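Novice: from the sequence below, what's the structure:
(2 chains)
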Amino acid sequence: MEPTNIKDPEYFHKVVDCQYACPAHTPVPEYIRLIAEGKYTEAYMINWDSNVFPGVLGRTCDRPCEPACRRGRVEEEPVAICRLKRVAADNKEDVRKYMPQGPFMPNGKSIALIGAGPASLTVARDLAPLGYKLDLYDEQKAGGGFMRSQIPSFRLPETVLNEEVNFILDLGIHTHFNQYVSSLKEILDKNYDAVFVGSGAPRGRDLPDLPGRKEGDANIHIGINWLASVAFEHKHSIGKKVIVLGGGNTAMDCCRTARRLGGEDVKVIVRSPFAEMKASPWEKEDAMHEDIPIIDDHVPKSFVIKDGKLAGMMFEKVHAVYEHGKRKLIATGEPEVFYEADDVLVAIGQENSFPWIERDLGIEFDKWNMPVVDDLTHVSTNKKVFFGGDAAFGPKNVITAVAHGHQAAISIHLQCEGLDIKNDRPSPMVNLQSMKMGIHEWSYDSYVVTDERYIVPQAEKTQTLKDRKKEVELGFNRLQGFKEAQRCLNCDVQTVFTENKCIECDACVDICPTSCITFTTNEEDEMDLREKLKVPAMNTTQDLYVSDLLPTKRVMVKDENVCLHCGLCAERCPTAAWDMKQFYYNVTKATNACGEKVLA
Amino acid sequence: MKKGKGKTIYKTLLCEKNSKLNIQHSKLIDVTYIKPAFRHPQLPTNKLGYTIAYYEGALSTLCAGCGHDSISAGIVQACYELDIEPHKVAKLSGIGCSSKTPTYFLGNSHGFNSVHGRMPSVATGANLANRDLLYLGVSGDGDTASIGMGQFAHVIRRNLNMVYIVMNNGCYGLTKGQDSATADEGSKNKHGDVNLFQSIDLASLAVELGSSFVAQSFSGDKEQLVPLIKAAINHRGFAFINVISPCVTFNNNPGSTKSYEFVREHTALTSKMDYVPEMETIATEYNQGEIKGITMHDGSVLQLNKLHEEWNPLDRLSAITALKKASAKQEILTGLLYIDPDTKELHHVLNSSDTPLNKLKEDVLCPGGERLKELNASLR
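Specialist: Numbers count the residues shown, from 1 in each chain, chains lettered A, B, ... in the order given. Next up, the predicted model:
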C-alpha cells in the first residue's frame, strides 16, 4: 500500500468517527472534554457554531454519531454524545455575549427564506452577521418549523426551543409569520438576490383507498397534522382507545402524545417486524415504558364503521420474507384481526409537496416531483433559488437540515460576492497540535475508564402522563455528565507517526492494549496487508495508517479500528516517533470575502 | 454556574475515581501510566481458550524503548502460542533492569525475584522440589557475567532443566550505564568513553561450559526470538539464550556495539528457524541439504534453514568455530547455535523420583519404625 497521506485533513477526520458521521461535523470530542472540565458555556458555543440548536438537538437528535462511536466497538455501548450536548445546554451561562452582536453593517443584499425551520434558521444565522437583509416567511405563528409543530413538548420544552430560535431571530431577521407563501413567483418578483427554500416535507401520507376511510374521517387523523394541532393548542383531547399506524419516530410521538390527551388504551400497529421499524430504539423504549404496546407484522386492511362512527380497524397478519436483500411481507393466511379504536392516527410517513412553486420558473422537477438540487451547493436549476432541509432531498432530520443550511449559506454568499459557488468554497479549518506536556503528561485526560454507559434519569410516569408539557427526560446532572464524558476516548487526539525518528524497538507494538500496531513488510493489496496484521484488520470501514519504508524494509501499519487513543504508544516511544496530536476540524461557515471568520 | 465550582467538582470527581482504582497519587490521572483494561475485541484464543492478554504482566516501568520489554513480549507470545498453562510456570530472576521484567510478563504465573546473581541456586532448589513446573530464568549481563558468573557456570554444569535468558545490553542501566563485562572492547559509551577491556562472550562460554542448548538473538527481531524461546521451552535440559537488548537510555549511541543500529547492521544468521509443534509436524524436508529438521524429545521439530557455511547445530566444535569466525568479522551471529536433543538433565542424572518431591506425602517419605529398625540393624 502507498504511505498514508496524513496531510489530507479527511484522513484524520475519518478517525474521529462521531464527528465524521455528524452531518454538520460537530467537533464532538472537543466539547465533551470541555463538559468534563465544567466549561459548559464553551462546550455550548462549539456546538452552537456547528449545529446551531444544541439544546434542541441534545434532546431530539437522531444521533448518527452514536452508532459510529468507537467506544461501541470496544465495549457494548457508545458514549451518550447526544445527552452530553444537553448537559452543556442546561448548564451554560450567558452565551449571548459570545454570539455575533448586531446591528450589522448592511451589505445591500436581501434574501428570502421560505419556511422557518432549522435549515432556514441556519442560513439566517450564518448570513445575518455578513450584512444581509433576511426575510423569513412561515405559515406558523412562530419560528422553528417542525421542531415546533412535530416534536412534542414532553420531549422538547417550548422554552428551550424559543431560546435557540430567538438567538437567531434577534440577529435582526425580518420575520413574516402567519404568512403562507402560495407563489414562489411572487417572491422572485420582489427581486431578492437569492431565495432559500426550507419548507420541509409537510404532507403526511394517508390511506385514502382503505375501505371506511371517508366514513370514519372525523376520527381519522394524519399524524403530523394532528401533532401540529396539539402543539398549537387547537386540539386538547382524544378518544380513550387509540390506534397509531406506522413505525417511525412520528408514530412514537403520536402515541405518547395520545396517552397525555386522554388515550388510555393506545396501541402502535405497524406493518414491518419490530426490529426493522424506522423509529430510533430509544424512542420505541420510551413508548413501551408508557404502557403502549407495539404490535408488529400487521397490515391495515379497513376501517370499521358502526352506526356511522369509527369503531376500529381490521388487520392482516403477515411475516417478512427476504429475497435478494429485499423484504416482502407475506400474509400468514390467518383470519383478519379486529382492534377497537375511537381514534386512529396515521403516521406512515411524510412527503414533499410544492404546490406553491410554479413550474415555469426554471426550476426543474424530477419524476418524483422533487426539485433537481445540487447536493454540494444546494442550488436548483434556477441559480437564484436554493433548497435545503427536508425540502431538498426528502425527509431526514434536524441535524441534516442544519448541515444543509450551512452549505446553502456559503453558496448564497459566494454567489452574491460574484464568486463561483462550486470552486471557491472555503476549505475546512484544520489544526494539528501536540498534546505532550512532559514525561508521562498529556494535556488531555488519556486515562480510559471502564464505566458502562450511564442512563439518563426520567421523571415519574405518573406525573409526565398527566401533563403534556412536562419534560420526561431530566437530563444528566453535572456529576453524571462528568462521568459519561469520561467515557469518551478522545478520538480527535491522533496518533501521529514520524518514520525517520523510529528505531524499530517494538515498544509501541508491545504496549498497545488493543494490538493496533504492526511492523511488517508491505503488500500491494490492502486486503493482504489487513490479513497479516497482529490482529487481522477485518473492519474495512476503518482505514489503515501505513508509514513509509523503514530501515529494515518494513512499514508501520496501524489499524485505526479499535485504537483507544490512550497515548501509550507515544508514551513508550523513546524517540518521540509517535506523538499524540489533537486534530481540530471545523467546517468553515459563510465568511466575509476578506476571509475573516464570522463566528470565531 | 460559577467557574470555580466546576473546577471543584472536577477535582472531587478525580479523587473519587482514584480512590476507586486504589491510586494514591491524585495526579496520576493525567498520566498514561495505567494500561487501559480494554483489549482488541477480536483477539484470538489459544487451545486453552486464553487470549494473549491472559499472559501479560503489569505495565513495565523500564525506560521507554528498552529492549527488555520486547523480550518480555516475546516470552508472552511464546507461552501463549505453546498453550502453556500460566500456573505451571515459575519465573525467576536476580537483580537488575532485566531482573525486574518478570513483573511485566506472565502475571498469572509463580515468580521469585532472588538475590543478585543467585537466581540459578534458587532455580535449582525449586526445580529439585517440583520438577513439574517450567522454570523460566531471566538475568542480565551484570547478573550473569559478573556477580553471578560462578552460579551460571555451575547451573550449566548440572544441566538443570530450565530456560535461562540473558537480556544483554552491555551496561549497568540501573546505576547510570557503566560498562559491563559483556561490553565489547572499543565500544563507546554515551559519554564518549571507550571500553578498554575485552568482553565476555556469554554464548561462546555457554557452549564451552557444555550447555545443551545455546542460542543468540536480538530484542528487535521477534520473528527470530519467539521461535527460539519456544524451542528453549521445549528443550529438556539447560537452554540458554543470549539476547542483545539495547539500553536506549545509556547505550544506544553511535560507537556502541549494542545499539539498535549497530546490531541490525552487524547481524549474521546461523539459520532461519521455525518451531513446529508435534501436532502439526510437517515431514522434514531436506532441500539440497539446506533445510534440516531437529526432532526434540517431545516430538516437536525445529526446522532450520541453514544460512551459515560449515555450521552444524549438533556439533559443539562447529558452533564455537562459527562464533569465533563471526566475531573476527565484527559480526553478531544469531539464531540457534548449538543443541543436543538427547541430553540428560539433572533429574535424570540423579535418578530422582518422577513425582515431584513436594508432592510426596508422609506415607511415602517415612518408611515407618520397622524399616528404621531394619536399617539400624544393618549398620550394627
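Novice: for whichever residue of the stretch 101-250 of chain A sits closest to chain B, the count of nearby residues, please.
Specialist: Residue nearest to chain B within the stretch 101-250 of chain A (C-beta to the nearest C-beta): residue A:163, separated by 16.9 Å. All C-beta atoms are positioned from the backbone trio N, CA, C, and that covers glycine. Using other C-beta atoms under 10 Å in any protein chain shown, residue A:163 is surrounded by 15 other residues.
Novice: over to the one 4 residues further on?
Specialist: Residues contacting residue A:167 under the criterion other C-beta under 10 Å number 19.
Novice: doesn't residue A:228 belong to a helix?
Specialist: Yes: counting by DSSP: H, G, I helix; E, B strand; the rest coil, residue A:228 is part of a helix.
Novice: quick revisit: any idea which element the residue of the stretch 101-250 of chain A closest to chain B lies in?
Specialist: Under the criterion of DSSP states H and E, residue A:163 resides in helix A:158-169.
Novice: do you know how far the nearest residue to the residue of the stretch 101-250 of chain A closest to chain B once chain neighbours are set aside is from residue A:161?
Specialist: By the measure of C-beta to C-beta, 6 or more residues apart in numbering or on different chains, the closest residue to residue A:163 outside its immediate chain neighbours is residue A:55, 6.7 Å from it. For residue A:55, the distance to residue A:161 (C-beta to C-beta, to the nearest Å) stands at 8 Å.
Novice: with residue A:85 instead?
Specialist: Residue A:85 sits 15 Å away from residue A:161, going by C-beta to C-beta.
Novice: can you pick out the residue with more neighbours from the two?
Specialist: Comparing residue A:85 with residue A:161 by neighbour count (other C-beta under 10 Å), the higher total belongs to residue A:85, at 30 against 22.
Novice: give me the angle between the helix or strand harbouring that one and helix A:158-169.
Specialist: Under the criterion of DSSP H and E, residue A:85 resides in helix A:81-91. Angle, helix A:81-91 to helix A:158-169, by axes from the mean of the first three to the mean of the last three C-alpha atoms, to 10 degrees: 80 degrees.
Novice: could I get the average pLDDT for the next helix or strand after helix A:81-91?
Specialist: Using DSSP H and E, the helix or strand that follows helix A:81-91 in sequence is strand A:110-114. Strand A:110-114 shows a mean pLDDT of 97.
Novice: which parts of stretch A:171-178 are buried?
Specialist: A:171, A:172, A:173, A:175, A:176 (16 or more other C-beta atoms under 10 Å in any protein chain shown).
Novice: just put the residues you listed in TSV and tack on pLDDT.
Specialist: Shown next, in TSV, are the buried residues of stretch A:171-178 (pLDDT from 0 to 100):
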residue	pLDDT
A:171	96
A:172	95
A:173	97
A:175	97
A:176	97
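Novice: in chain A, which strand is the longest?
Specialist: When chain A is parsed with DSSP state E, its longest strand is strand A:309-323.
Novice: quick check: mean pLDDT across it?
Specialist: On average, strand A:309-323 scores 94.
Novice: picking that back up, and the helix holding residue A:85, anywhere near chain B?
Specialist: Yes: judged by C-beta under 8 Å from any C-beta of the partner chain, helix A:81-91 comes into contact with chain B through residue A:91.
Novice: which helices and strands does that helix pack with?
Specialist: helix A:28-36, helix A:40-51, helix A:54-60, helix A:65-68, helix A:478-485 (3 or more C-beta pairs under 8 Å, 6 or more residues apart in numbering or on different chains; DSSP states H and E).
Novice: export those as a markdown table, with columns for mean pLDDT and mean neighbour count.
Specialist: Converted to a markdown table, the helices and strands packed on helix A:81-91 look like this (pLDDT from 0 to 100; neighbours: other C-beta atoms under 10 Å in any protein chain shown):
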| stretch | mean pLDDT | mean neighbour count |
| --- | --- | --- |
| helix A:28-36 | 96 | 25 |
| helix A:40-51 | 97 | 23 |
| helix A:54-60 | 97 | 26 |
| helix A:65-68 | 96 | 20 |
| helix A:478-485 | 96 | 21 |
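Novice: correct me, but residue B:196 touches residue B:185?
Specialist: Yes: Residue B:196 lies in contact with residue B:185 (C-beta atoms under 8 Å); the separation is 7.1 Å.
Novice: where does the chain dip in pLDDT?
Specialist: No chain specified, so I'll use chain A. A:592-600 (pLDDT under 70).
Novice: ah, no, chain B please
Specialist: B:1-33, B:277-292, B:305-309.
Novice: in the stretch 451-600 of chain A, which residue sits closest to chain B?
Specialist: For the stretch 451-600 of chain A, C-beta to the nearest C-beta, closest residue to chain B: residue A:574, 2.8 Å.
Novice: next: chain A.
Specialist: Using C-beta to the nearest C-beta, the closest approach of chain A to chain B is made by residue A:38 at 2.2 Å.
Novice: what's the local residue count around that residue?
Specialist: So residue A:38, with other C-beta under 10 Å, has 24 neighbours.
Novice: so how far is residue A:296 from residue A:333?
Specialist: According to C-beta to C-beta, residue A:333 stands 18 Å off from residue A:296.
Novice: looking at these two, which has the bigger crowd around it?
Specialist: Counted by other C-beta under 10 Å, residue A:333 and residue A:296 do not tie: residue A:296 has more neighbours, with 18 against 8.
Novice: would you confirm that the more buried one contacts residue A:267?
Specialist: No: here residue A:296 does not reach residue A:267: they are 11.2 Å apart, not a contact under C-beta under 8 Å.
Novice: quick check on residue B:49: phi, psi?
Specialist: Residue B:49 adopts backbone torsions of phi 90, psi 10, taken as degrees, to the nearest 10.
Novice: same thing with residue A:176?
Specialist: Per-residue torsions, residue A:176: phi -130, psi 70 (degrees, to the nearest 10).
Novice: what do you get for residue A:493?
Specialist: Backbone torsions of residue A:493, given as degrees, to the nearest 10, read phi -90, psi 100.
Novice: could you single out the nearest of the buried residues of stretch A:171-178 to residue B:355?
Specialist: residue A:171 (88.4 Å; C-beta to C-beta).
Novice: residue A:73 belongs to a helix?
Specialist: Yes: assessed with three-state DSSP, residue A:73 lies in a helix.
Novice: now it, nearest residue through space, not along the chain?
Specialist: Leaving aside its sequence neighbours, residue A:73 sits nearest to residue A:562 (C-beta to C-beta, 6+ apart; 5.6 Å).
Novice: excluding covalently adjacent residues, which one is nearest to the residue in the stretch 51-200 of chain B positioned nearest to chain A?
Specialist: Here the residue of the stretch 51-200 of chain B nearest chain A is residue B:65; by C-beta to the nearest C-beta that distance is 2.8 Å. Spatial nearest neighbour of residue B:65, chain neighbours left out: residue A:574 (2.8 Å); criterion: C-beta to C-beta, 6+ apart.
Novice: surely the one you found touches residue B:250?
Specialist: No: applying C-beta under 8 Å as the test, residue A:574 and residue B:250 come out as separate, 11.8 Å apart.
Novice: separation between the residue nearest to residue A:67 when sequence neighbours are not counted and residue A:89?
Specialist: The shortest distance from residue A:67 to any non-neighbouring residue, by C-beta to C-beta, 6+ apart, is to residue A:78 (6.9 Å). Distance check for residue A:78 against residue A:89: by C-beta to C-beta, it reads 20 Å.
Novice: and if you look at residue B:47?
Specialist: Noted for residue B:47: a distance of 54 Å to residue A:89, by C-beta to C-beta.
Novice: with residue A:32 instead?
Specialist: Computed with C-beta to C-beta, the distance linking residue A:32 and residue A:89 is 14 Å.
Novice: which strands or helices does the longest strand of chain A pack on?
Specialist: Applying 3+ C-beta pairs under 8 Å, 6+ apart, one finds that strand A:309-323 makes contact with strand A:241-245, strand A:298-306, strand A:326-331, strand A:337-340, strand A:343-346.
Novice: list of residues touching the last one?
Specialist: When contacts are taken as C-beta atoms under 8 Å, 6 or more residues apart in numbering or on different chains, the neighbours of strand A:343-346 outside the stretch itself are A:204-207, A:216, A:219-223, A:226, A:238-239, A:241-246, A:251, A:254-255, A:258, A:263, A:303, A:310, A:313.
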